[in-house]
Structure formats: C-alpha cells, structure tokens
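In: Test case, fold it:
(2 chains)
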Protein chains: 2
Amino acid sequence: MSGWVKIAGLGPGNEALVTPEVTAALTEATDVVGYIPYVARIAEREGLTLHASDNRVEIDRSQHALQMAAEGKRVVVVSSGDPGVFAMAAAVFEALENGPNTWRDVQIEVLPGITAMLAASARAGAPLGHDFCAINLSDNLKPWSLIEKRLRLTAQADFAMAFYNPRSKSRPEGFVKTLEILREECEPERLILFARAVSRADEALRISTLAEATPDMADMQTVVIVGSSLTRMIERDGPPIVYTPRFTPAKDQV
Amino acid sequence: MSGWVKIAGLGPGNEALVTPEVTAALTEATDVVGYIPYVARIAEREGLTLHASDNRVEIDRSQHALQMAAEGKRVVVVSSGDPGVFAMAAAVFEALENGPNTWRDVQIEVLPGITAMLAASARAGAPLGHDFCAINLSDNLKPWSLIEKRLRLTAQADFAMAFYNPRSKSRPEGFVKTLEILREECEPERLILFARAVSRADEALRISTLAEATPDMADMQTVVIVGSSLTRMIERDGPPIVYTPRFTPAKDQV
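Out: Numbers count the residues shown, from 1 in each chain, chains lettered A, B, ... in the order given. Down below sits the predicted model:
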C-alpha cells in the first residue's frame, strides 16, 4: 500500500502564499478533500478526484480521507491558513485515534501554511512582534466560560492577542461579550485591528481602539488582533503601521 | 525613487517552505540584508549585493536597509521563520519610528513565512491545534519577572505554549526556571516537545513530559511546545502523534 494523507495549508487565499511543498503534494495526489471554498481553489486535472464537503463535517471528511489512504489513495486534506491552527489537522487526528486499527499505519504528514493571523499581522506591520496568544472565539466546541477566563488572563499577562472565528450569524453575542471583557481589562486606547480576507481581492484592514471598536467590524472572514499595552502606531503617508516593540522596559511590567 | 524594503520570512530552513511571494521579492532585489546564516541561504547573482551581519545588530541592519531603500534600492531584509514573530519586522519598525523623516515615505512590506512553532507543530501532529500562546523566553529585552508572570497565567488559562529562544549559552538559567514554574503550575504528565532544526537535515524531535524534561533538551535552535491539559499522544508504528483536540468538555474547564 502506497497511500498517504497529507494535511496541507493553502494559506490565506493568495496563490503566492502557497508553499512549494503543498503545491508538490497536490501534484502527486489522487484525491483532495476539504471544505467547499478551499477545494474550489484546486485546479482540476486527470487522475485527481475532488471531494468538496460542507462546513462542520470535519470528522466525516477526516474519516473519508483516512479510509481512502488505507485503500492506497494519495489524499490531500486542504485547509485554509495553517492546518494546525484551528483547522483540519486536529480533526484528522481525532478521527484517527477513534478509528479502526488499520488507519494507524497510514502515512500522515502535516504541511504547514501561512495562517491568517500572521498574514494579517504582516499586512498591518508587526502587531504580533512580541509575545502573543491565539484564541478561537467560537464556543461551538468549548464552554464560553473558558473563553472568558482565557481572555481575562491573557489581558492580565499583557499579551497581544489574535482571535479566530470572532463572530458568526449563529453566534452574534460572543464578540459583543469579548469587547466588553477587554474593555474591563485593558485601557480604552488599546489598538485593535480587523483584518478581513487578507491577500484576497476583497482584503480590508481596519485599525481601531477598544473604545471605538464595534462588534459589526468583525465577521467569520475576519481575524481580529488586539495589541499589548506597548503596541504602537506609526503615522505616515498611506496606511499607518502597527507594531509591538521587542523591548519591554522594567517599569512597563504589568 | 522606486526603492522599497520587503521584510521577508524564509521559513524554518527547507526551501520547499519558502513562499513564491518571497522568492519573487528576492528576484527583484538589489540588496539583501540579514543575519549571517539567513543571508547564506540566498543565491548570489549579478546585480544583487548581499549584506550579512552578526546577531544582536538588528537596529543597525534595519537602519541600513531603510537608508538604502530611501536612496532607491530594492532591499529584502531576510528573517528565518516569519518576520513578524520574534524576528526582524519589529526591529525595522523601531528603526523607522526613531529615524529621519525621509524614511517615512519608503515603501515597506512584510512578507509572511512559516514560523518555527508551526513547522514544529506540523511535524509532531497538531499540538497547537487549539488556543495557544507564543512566548520568547529570552530576557535580553524584557525583565524575567514578566516572563514568569506570563508563564504562570498561560498555564492557569490552560493554553498550549510555544517557546522561542528557550536557552542560550549566555542565559543557561532561564529555561531551568521555566521548567520549575511549569512543574508548579501543571501536572507532571503534561506533554512537552523539543523540536530542533525542523525541516533541516539535522532535524530532531523529542517528546517528553514535564516530569522527565531536562534543561539540556533545549538550545537556541530549539522551539519548545508544551501541551494544554488536553493534549494527547497517539501511539503507532513510527513516531507517535501529539495533538490537542478541538473539543473541550465543560467538565474539563480549568
């Protein structure tokens, strides 16, 4: 059996951000599985079968990929961004752990990609230039109380923060609460960035402060970055630059 | 003036992890500046001047890049990994903010790359598959007390953690203290990964627990990843897989 699964990160959307490693894996694949808009990025060719599926069926999709690989197929599971950051890699390993023993011998590799927060950070300057946290704000798979606890401790530790899945139609209240918690923990001037569809045609970057941010600035296509207390803005012709310095003076300790 | 600065991430070491965007920037450059081992990765060609400099001169290097761009050169500042994660982007913006006004109009772009923790996470499985923090353990530019505070709050929030610059010859004690703090805050079975030189010929990945980890498992080439309380290991033929599930049951809240 020469089958394998490669869980590949397609990056934030622009083809210039797809690594050669991922491109090579797609060239060798017999099957590609993934969420509909990500599979739509893969060029059709003879010998390649595309299996697009809807959101929220990550485990079904993972089982399908593992089963095909166990039968000898070369399967690429596509994620946007990096597959290891709030994406398909954990789902495939959940399916593997709970699946039949025959799947354990399947060759599996994770191919990293440019995750959304790092594409967003690059576009804005370097807001994640020092210690930071990445938090998934969806409470579909964890209790809201844990999200709130993490937000408060992260703010108290004066990390910069990147939020994935900040807001969806089915969860309009979470990001409202997030802004309320951050306003309790941080000063009103704290910088907050809303980076939507970075590297794609409809890219939009908005710089605000906690005092002025409103929940509607975020949607499911947005990564939100909150600065640390030291995050600064450089004004210039054109869009300002937002960055977090490398140096923390002793007096600025939180 | 058609000069520019592009601050480019070369990824963890393997050329298959360099994005096409970065490769294209290097093709257009007149000058490349960076730390000696990163500049050594750039192929020489006619019309390209390589400026390699030693570690710890990040601001000098940034000033040099900005000045050359202000004079019309096309300058790529190379970082390993992602330039926005404990790398050159913040240094260039510090130099810009404190530099002459003529630098403010220079076109500057950050080109993201595969940062070390995501390459390491991919190799191990998906240990950063849920909420996580990235912490630079060097106290060269921040007080140790702030590092300790961040470690304790991060552990209390039950994040997975990635540590950059865990240990150097001039700072042998920091990682000793880090392990002591983590042993106070976390259970002894907590998984800890030492990922050295990921994607390079001398790559080494070691999986341990907080109870068994020793300081000498890390050096300056190592990214250390500590799991959350939910991070798990799947045993199989060949190296085990370490991953953090997406689902946190309400009873497992910290």
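In: Do a quick rundown of the strands in the stretch 1-150 of chain A.
Out: A:4-9, A:31-35, A:49-53, A:74-79, A:107-111, A:125-126, A:132-136 (DSSP state E, counting those that start in this stretch).
In: Please tabulate those in JSON lines, including the columns mean neighbour count and distance to B:Leu128.
Out: (C-beta placed from N, C-alpha, C; glycine too.) What follows is the strands of the stretch 1-150 of chain A, written out as JSON lines (neighbours: other C-beta atoms under 10 Å in any protein chain shown; distance: least, C-beta to C-beta, whole Å):
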{"stretch": "strand A:4-9", "mean neighbour count": "28", "distance to B:Leu128": "13"}
{"stretch": "strand A:31-35", "mean neighbour count": "24", "distance to B:Leu128": "20"}
{"stretch": "strand A:49-53", "mean neighbour count": "15", "distance to B:Leu128": "24"}
{"stretch": "strand A:74-79", "mean neighbour count": "27", "distance to B:Leu128": "13"}
{"stretch": "strand A:107-111", "mean neighbour count": "22", "distance to B:Leu128": "11"}
{"stretch": "strand A:125-126", "mean neighbour count": "30", "distance to B:Leu128": "20"}
{"stretch": "strand A:132-136", "mean neighbour count": "25", "distance to B:Leu128": "8"}
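In: export those to CSV and tack on distance to A:Ala89?
Out: Shown next, in CSV, are the strands of the stretch 1-150 of chain A (distance: least, C-beta to C-beta, whole Å):
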stretch, distance to A:Ala89
strand A:4-9, 5
strand A:31-35, 12
strand A:49-53, 17
strand A:74-79, 7
strand A:107-111, 5
strand A:125-126, 26
strand A:132-136, 14
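In: Including distance to chain B and mean pLDDT, could the ones you listed go into CSV?
Out: Shown next, in CSV, are those (distance: least, C-beta to the nearest C-beta, whole Å; pLDDT from 0 to 100):
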stretch, distance to chain B, mean pLDDT
strand A:4-9, 8, 98
strand A:31-35, 14, 98
strand A:49-53, 17, 97
strand A:74-79, 11, 98
strand A:107-111, 4, 97
strand A:125-126, 4, 98
strand A:132-136, 4, 98
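In: and A:Asn55, how many neighbours?
Out: Using other C-beta atoms under 10 Å in any protein chain shown, A:Asn55 has 9 neighbouring residues.
In: what does the one 4 residues further on give?
Out: A:Ile59 sits with 15 neighbouring residues when counted by other C-beta under 10 Å.
In: could you measure it against chain B, distance?
Out: 10 Å (C-beta to the nearest C-beta, to the nearest Å).
In: Okay, now the unreliable bits of chain A?
Out: A:1, A:251-254 (pLDDT under 70).
In: what's the domain layout of it?
Out: A:4-114, A:117-252 (automatic domain parsing).
In: Let me have those in CSV, adding distance to B:Tyr164 as columns.
Out: Compiled in CSV, these are given as follows (distance: least, C-beta to C-beta, whole Å):
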stretch, distance to B:Tyr164
domain A:4-114, 16
domain A:117-252, 9
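In: can you tell which of these is closest to B:Ile241?
Out: For the domains of chain A, proximity to B:Ile241 was assessed by C-beta to C-beta; domain A:4-114 is nearest, at 5.8 Å.
In: and the closest one, how far out from the chain's middle?
Out: How far domain A:4-114 lies from its chain's middle: 16 Å, per C-alpha atoms, centre = their mean, to the nearest Å.
In: can you give me the strands for the stretch 151-254 of chain A?
Out: So, for the stretch 151-254 of chain A - with DSSP E, counting those that start in this stretch - the strands run A:160-164, A:191-196, A:204-209, A:222-226, A:232-234, A:241-243.
In: Save these as a markdown table, and put in mean neighbour count and distance to chain B too.
Out: Output for the strands of the stretch 151-254 of chain A, formatted as a markdown table (neighbours: other C-beta atoms under 10 Å in any protein chain shown; distance: least, C-beta to the nearest C-beta, whole Å):
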| stretch | mean neighbour count | distance to chain B |
| --- | --- | --- |
| strand A:160-164 | 25 | 9 |
| strand A:191-196 | 24 | 12 |
| strand A:204-209 | 15 | 12 |
| strand A:222-226 | 26 | 11 |
| strand A:232-234 | 17 | 5 |
| strand A:241-243 | 26 | 4 |
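In: Dump those strands into CSV; add distance to A:Leu141 as well.
Out: As requested, the strands of the stretch 151-254 of chain A are exported to CSV (distance: least, C-beta to C-beta, whole Å):
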stretch, distance to A:Leu141
strand A:160-164, 12
strand A:191-196, 23
strand A:204-209, 28
strand A:222-226, 19
strand A:232-234, 35
strand A:241-243, 30
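In: what are the ranges of the helices in the stretch 101-250 of chain A?
Out: A:116-124, A:144-156, A:173-185 (DSSP state H, counting those that start in this stretch).
In: Give me whichever of these is most buried.
Out: Stretch with highest mean neighbour count among these: helix A:116-124 (a mean of 29; mean count of other C-beta atoms under 10 Å in any protein chain shown).
In: and the direction of it versus that of strand A:160-164, what angle?
Out: On the basis of axes from the mean of the first three to the mean of the last three C-alpha atoms, to 10 degrees, helix A:116-124 is oriented at 120 degrees to strand A:160-164.
In: Output the contacting helices and strands for helix A:116-124.
Out: strand A:160-164, strand A:191-196, strand A:204-209, strand A:222-226, strand B:107-111 (3 or more C-beta pairs under 8 Å, 6 or more residues apart in numbering or on different chains; DSSP states H and E).
In: what's next to it, contact-wise?
Out: A:11-12, A:17, A:80-81, A:85, A:127-129, A:134, A:162, A:164, A:193, A:195, A:198-199, A:203, A:205, A:207, A:223, A:225, A:241-242, B:82-85, B:89, B:109-112, B:115 (C-beta atoms under 8 Å, 6 or more residues apart in numbering or on different chains).
In: one step back: would you list the helices and strands packed on helix A:116-124 in JSON lines and tack on distance to B:Val75?
Out: Below are the helices and strands packed on helix A:116-124 laid out as JSON lines (distance: least, C-beta to C-beta, whole Å):
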{"stretch": "strand A:160-164", "distance to B:Val75": "27"}
{"stretch": "strand A:191-196", "distance to B:Val75": "25"}
{"stretch": "strand A:204-209", "distance to B:Val75": "24"}
{"stretch": "strand A:222-226", "distance to B:Val75": "26"}
{"stretch": "strand B:107-111", "distance to B:Val75": "10"}
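In: of all the ones you listed, which lies closest to A:Pro249?
Out: strand A:160-164 (17.0 Å).
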